[in-house]
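Participant: Kindly return the folded structure for what I paste below:
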Amino acid sequence: KKILIINKRADFANAVTDYLNTLSETDICMNYHDKVDSVPAIDSNGNPVFYKSGARKGERKTMGVKSQKTLAETLFNAGKINVLSTNNAPDKDLDIDVDIIIITSPMCEDITSYMYRLSNINFRLGKIMLYSLYCRTTPEQRLLENKTLATNHSVKNSSDDENYSDFIV
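Facilitator: Presented below is the predicted three-dimensional model:
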């Protein structure tokens, strides 16, 4: 599945990316927000990128925010990764196809608030599969329970089904 994870803060988005990538032999997730450190540059095939001429010839290039976001979107669209982790204000230029959106906290905006920012996103299933994560008996649970739902929304509460365990973030 192609998954977009929306987190309240960029530092949590970074933590989500790091954790998900520890679960697999290859990276499956990349950050897509403005609060990332520069990293050694790679191309879309994962090969290191070096300066070819000039005073820095032979040195490894670095990737800043813009190039990391471009690479993340390119790899996601090419199917080389299947998860993007962003902050509470997803970039309006993000142009991807997704199956699932996961909002890691009810303290984030609701999906209706994100739709203008996600106008370039195509929902491959024809509808939004949305998961909101929370901890039981917390202010987050109360906030989620008090959110107003549109008539075309349906809610599956995982705690009502013995086949599901609690989602804990």
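Participant: drop to CA atoms for contacts and neighbour counts, all remaining ones
Facilitator: OK.
Participant: Outside of stretch 23-30 itself, list whatever touches it.
Facilitator: Stretch 23-30 is contacted from outside by Thr17, Leu20, Asn21, Ala72, Lys80, Ile81, Asn82, Val83, Leu84, Ser85, using CA atoms under 8 Å, 6 or more residues apart in numbering.
Participant: Run through the helices of this protein in chain order.
Facilitator: For the chain, helices defined by DSSP state H occupy the ranges 10-22, 65-77, 111-114, 139-145.
Participant: from the middle of its chain, how far away would the shortest one be?
Facilitator: Computed by CA atoms, centre = their mean, to the nearest Å, the separation of helix 111-114 from the middle of its chain amounts to 15 Å.
Participant: send the alpha carbons of it over as PDB?
Facilitator: Provided in PDB are the C-alpha atoms of helix 111-114 (Å, rounded to 0.1, in the frame of the first residue of the first chain):
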ATOM      1  CA  ILE A 111      -8.900  15.300   7.200                       C
ATOM      2  CA  THR A 112     -11.300  18.100   5.900                       C
ATOM      3  CA  SER A 113      -8.700  20.700   6.900                       C
ATOM      4  CA  TYR A 114      -6.000  18.800   4.900                       C
END
